[in-house]
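**Student:** Quick one: sequence and predicted model below, then my questions.
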Amino acid sequence: MAEVEETLKRIQGQKGVQGIIIVNAEGIPIKSTLDNSTTVQYAGQMHQLVTKARSTVRDIDPQNDLTFLRIRSKKNEIMVAPDKEYFLIVVQNPAD
Amino acid sequence: MADKGSLKKAKAPVASPKGSAKRPKSTASTASSKTGGKPKPGSVKREEIASATGSVGELGPPQDIFPLVLTSATQELFECRADEDVTQEKPFKMLRKEEVLQDMKTRAAVSDFHPFKKLVLAYPGEELLLVYDRDFKYGQSFYLVGTEETKERILNPPERMEEEAEEDDMFLVYKTPEPQTWVSLGSELEIEEESVKDSRSKLSYRISRVRREFGAPVQFSDRNASVAKDGYVECTPYQDKSFSIKQLERDTGTQAAPPLQDSSTQTQWMYPKNACTQYVPREFTEQEKEDCMNSENLKNVINSVALRFEVALQQNEIMDVFFDDWGALGEDEDAFGGKADMHLKEYQSFTDLHFSKEKSVSCVKWHPTISGVIAVAVTERLSFEDRINLSTKLLLSPSLILFWSFSDPINPQLRLECPDDIYCFEFCPSDPTIIVGGCFNGQVVLWDISMYTERLQNSRTGGGKHAPTNTKSLSGFEHRPESEAPIVRYCAIAAIETGHQAPVTDVQWLPDYYEVSRTGVPLENKNGICVQLATCAPDCCVLFWDIRAPRVATQSMADRKKPEEKPLENPHGVPSTFKHLDLTWKPIIRVSLPKINTSGEYSPLKFSLRDSVAENPMLTNADKAQNLENTDGGIEYRVLRVPSAKHLKTLEDISTKFFVGTEDGELVYLDWKMEKDNDSGKMISSKPSHRFNIHDGPVNTVQRSPFFKDIILTVGGWTFAIWKEGVMIGPLMHSACSQKKCTVGNWSLSRPGVFFIGKEDGSIEVWDLMEKSHEPSQIQNITTASITCIKPWIVSSKQHLLAVSDELGTLHILEIPWTLHSPSVNECFSTSKYFEREVSHLEYFEERHAFRAKEKNDMEAEEQRRKTEPIIPEKTAKQLEEEVLKEYEQYLELEKRILKEMGLLPEEEEKEKLPEINSH
């Protein structure tokens, strides 16, 4: 627990990071640094997107797998790292 | 209708008696009349008619009715004397046929009944009906009914009457329509045309054989028709040339019937229904979350994933890969290119030969709403002494504020008359028809030009040729030719005693969202318009004025006198907007500027309030016009009253501190709030908090930047300085002394880091802080006399103008080139950063100062310390030698000891030495 916390703190400490969310495989948030409504929204949306992206990648090449997803928008960048059981979402505002 | 018809019919046969049954009588009477009887009166008519026209049967009466005339003899014979035996009520008389015949026989042709002999003979019944026709319905006095049916019918009218009565009662009974006589409407003609009739009777031929051949055997033989002559008659068809009838018309009937088809389907009826769902996202409970967080799995995942994240985050941090450099590059290029275009181009210049000759311009202001109109105050270019010497002459030539419009560079549009030279004036921001000005003699003057706004607006569009359409033209000015500008007299002037004692050098309106109470506390302004203004003069005070009528009605003796002196008429046609202030106007607050450390006071020349509303470029012209429209409709200043301070809310966020530039070149920062002096109990103004002695000459400009509320530009003497409010250490930037005196300065309205400085030699310096801050980026000479006023103005996004006035009385309008008026990207940001850097420089400087001071102190302290401590005695040379000897001896002993230990004694030194030498 402490180790996890420490890693999260390290990530949070990077410049421009707005929030971190840990989501389980079904899209239910476990831990978040943002408020509840935003968390739930991100978790639900990202879950679907990651599933779709992963299926795309595997469809093209079954040997391949999705490792990291970065969505760059006008205001910020959303980064998602998927795994079998959990995935981690980080929102960063790069231009500062 | 049917009934009437039947009635008619019944009558019809009745009304034609032709026969007369009283032939013998009439004959007798005729005979009598013929012989000698003159016609008797009374029944004369009838007899004559009887003789003459007895036999005449009119066509009028119907066929069964035969009118006849009966002579009196006949009448007597048959007992049907008129009006005796037969009357109107009983007009019927039955005559026996035999009697009639008898009469006819006896009297033969003379008988009345003779013409009706046939009828009587033919009459089937025994009795004939004679009806007395009193009304001559059928032309004669009597008529005979010819048929039995008619007789019956006539005799039995009651039935008909009954029928009629029945009809009336049962009006609703439907009778089948009986066939009526056919009325031809012309259709039979067509039928006639269409029907085929024989035009001649059919010809019939009867062909028979000879009798003797009847029954004889028949013999047939052949004959070739074509061989024998006349075997046949040929009728070859040929085209008859003369026959040229074409069938042009043909009657055919068509009927168009649309195909009609009935069909039906049955569909499922879908109708929109409102439905809603509500969902809640799935969430974990706290306990579950805890469990998850503690699981080993999560730890592994996070560890494995963290690296990727860090890489990505740092990538973003290092560089923004999606930034469009190419696009951003273009903008900067335009700003720097084209050095030649940096010139301020001359757009127009205004000078008036009558009014601004030999005068200098003291103040220039653009009209806030009407674009292209600029107001200029002209003053005499004389020193104080000259003024006193020439004071009589000066009284004759009036001082004016001229309004120029771009459309007419020769004639001013409007002239405002002032009691004395005006050194500063200002349009009211909420109502540009009100202008306040400060005079040379210390009075504050108000004008109301609402009557002339239309003229000014028209001058902008048309060229001022047409007369002002307002009908409120002033008496006395009606006959003036339109080309000459009207003179507007001031409508209110302040009281002399309570005003300034020195020329008013600066006047500013307070913004419309707050007003100041008598104690200097800013209160909420419920009017929404500017009602207060502040003035300053070198008589060491700043006065606050209110343009509303004072609430308190207490008037001093002097005031009470004044209303009586005021003339009731309005000889100059001055609008009475400010009648309530005229000659009685007093300031509400007097802020004096006592010096901080010494006695005496500062003499202000210019001041700058923090929340001033003047020249806010964020508020576009359209917004300003809108604000003015909201308050349009004539603000009645007379009606406005200074409200009691209790009713208004105190505004906390209005800063009551302001900067004042003085005659001695100082910048003073003070608070206008009045404090209660403990000693005397009066309200006095507080001492200024800061004072900076910066400039070498009187300060002529104190102006806040339109972009940064706390950056102030002050110009005075040979230098200028930029200050930040709140930083009390010193100016952020202080220019080097220039060669010529700086006479005026003004910020640019569109670029935060640009400002203009006017010089004594008539040139303008354009300073761009972003480009270089040690010297101006551009110097341009405009005129030969010194510049007195610079005012920029934004006409449109493409056109920015700069109004520059000089001491010769000329107003130059220059166009600011694009490079100077369009800000570069982030210019505001970089300018603010620059100022921040300057602030940090100052702070660092201060720190270093302090540090150095401290260091100096330390050093001094050190020295002091050194001086007070006892001096350590220096070692003498002898002592040093002794010490050295001691050390040498110690060394020798040490050597001996070592040699002893090593077994090498000094006695054996020789032996030792020899072999040593030998060994060498």
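**Tutor:** Nice, thanks for sending it over.
**Student:** Assign residue B:887 to helix, strand or coil.
**Tutor:** helix (DSSP: H, G, I helix; E, B strand; the rest coil).
**Student:** so how many other residues sit close to it?
**Tutor:** 10 (other C-beta atoms under 10 Å in any protein chain shown). Glycine gets a C-beta too; all of them are placed from N, C-alpha and C.
**Student:** ok, now residue B:321?
**Tutor:** 9.
**Student:** can you check residue A:82 too?
**Tutor:** 25.
**Student:** which residues does it contact?
**Tutor:** A:50, A:54, A:66-67, A:69 (C-beta atoms under 8 Å, 6 or more residues apart in numbering or on different chains).
**Student:** same thing but at 10 Å, please
**Tutor:** Residue A:82 is in contact with A:23, A:25, A:46-47, A:49-51, A:53-54, A:65-69, A:88-89, B:301, B:305, counting by C-beta atoms under 10 Å, 6 or more residues apart in numbering or on different chains.
**Student:** Where helices are concerned, which of those residues count?
**Tutor:** When DSSP state H is applied, the contacts of residue A:82 are split such that A:46-47, A:49-51, A:53-54, B:301, B:305 fall in helices.
**Student:** Those residues into TSV, with extra columns for distance to residue B:864 and neighbour count?
**Tutor:** Shown next, in TSV, are the ones in helices among the contacts of residue A:82 (distance: C-beta to C-beta, whole Å; neighbours: other C-beta atoms under 10 Å in any protein chain shown):
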residue	distance to residue B:864	neighbour count
A:46	72	22
A:47	77	21
A:49	76	15
A:50	76	20
A:51	81	14
A:53	78	15
A:54	80	16
B:301	70	21
B:305	66	23
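**Student:** Let's have those in CSV, adding distance to residue A:35 and pLDDT.
**Tutor:** Converted to CSV, the ones in helices among the contacts of residue A:82 look like this (distance: C-beta to C-beta, whole Å; pLDDT from 0 to 100):
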residue, distance to residue A:35, pLDDT
A:46, 16, 92
A:47, 19, 91
A:49, 21, 94
A:50, 22, 93
A:51, 25, 92
A:53, 26, 94
A:54, 28, 93
B:301, 24, 87
B:305, 23, 88
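**Student:** I'd like those as TSV, with distance to residue B:113 appended.
**Tutor:** Compiled in TSV, those are given as follows (distance: C-beta to C-beta, whole Å):
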residue	distance to residue B:113
A:46	136
A:47	135
A:49	134
A:50	138
A:51	135
A:53	137
A:54	139
B:301	150
B:305	150
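**Student:** for those residues, which one is nearest residue A:76?
**Tutor:** Closest to residue A:76 out of the ones in helices among the contacts of residue A:82 is residue A:46 (13.5 Å), distances taken as C-beta to C-beta.
**Student:** where do the strands sit along chain A?
**Tutor:** Assigned by DSSP state E, the strands in chain A fall at A:17-24, A:29-32, A:69-72, A:77-82, A:86-92.
**Student:** Make CSV out of those strands and add mean pLDDT.
**Tutor:** Listed next are those as CSV, based on pLDDT from 0 to 100:
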stretch, mean pLDDT
strand A:17-24, 92
strand A:29-32, 90
strand A:69-72, 92
strand A:77-82, 92
strand A:86-92, 92
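**Student:** can you tell which of the ones you listed is closest to residue B:904?
**Tutor:** Short answer: strand A:17-24, nearest of the strands of chain A by C-beta to C-beta, at 80.7 Å.
**Student:** got the CA coordinates for the closest one in CSV?
**Tutor:** Coordinates of the C-alpha atoms in strand A:17-24 are reproduced here as CSV (Å, rounded to 0.1, in the frame of the first residue of the first chain):
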residue,chain,number,x,y,z
VAL,A,17,-0.4,16.5,-13.8
GLN,A,18,-4.0,17.2,-13.0
GLY,A,19,-5.2,13.9,-11.7
ILE,A,20,-4.6,10.1,-11.4
ILE,A,21,-7.2,7.4,-11.4
ILE,A,22,-6.8,3.7,-10.8
VAL,A,23,-9.6,1.7,-12.3
ASN,A,24,-10.3,-2.0,-12.2
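**Student:** Which neighbouring elements make contact with that strand?
**Tutor:** helix A:2-12, strand A:29-32, helix A:36-60, strand A:77-82, strand A:86-92, helix B:286-294, helix B:296-318 (3 or more C-beta pairs under 10 Å, 6 or more residues apart in numbering or on different chains; DSSP states H and E).
**Student:** How far off centre is it?
**Tutor:** Relative to the centre of its chain, strand A:17-24 is centred 6 Å away, using C-alpha atoms, centre = their mean, to the nearest Å.
**Student:** re earlier: could you dump the strands of chain A to JSON lines with distance to residue B:404?
**Tutor:** Below are those laid out as JSON lines (distance: least, C-beta to C-beta, whole Å):
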{"stretch": "strand A:17-24", "distance to residue B:404": "57"}
{"stretch": "strand A:29-32", "distance to residue B:404": "67"}
{"stretch": "strand A:69-72", "distance to residue B:404": "57"}
{"stretch": "strand A:77-82", "distance to residue B:404": "58"}
{"stretch": "strand A:86-92", "distance to residue B:404": "59"}
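**Student:** Confirm residue B:545 sits in a strand?
**Tutor:** Yes: residue state for residue B:545 (three-state DSSP) corresponds to a strand.
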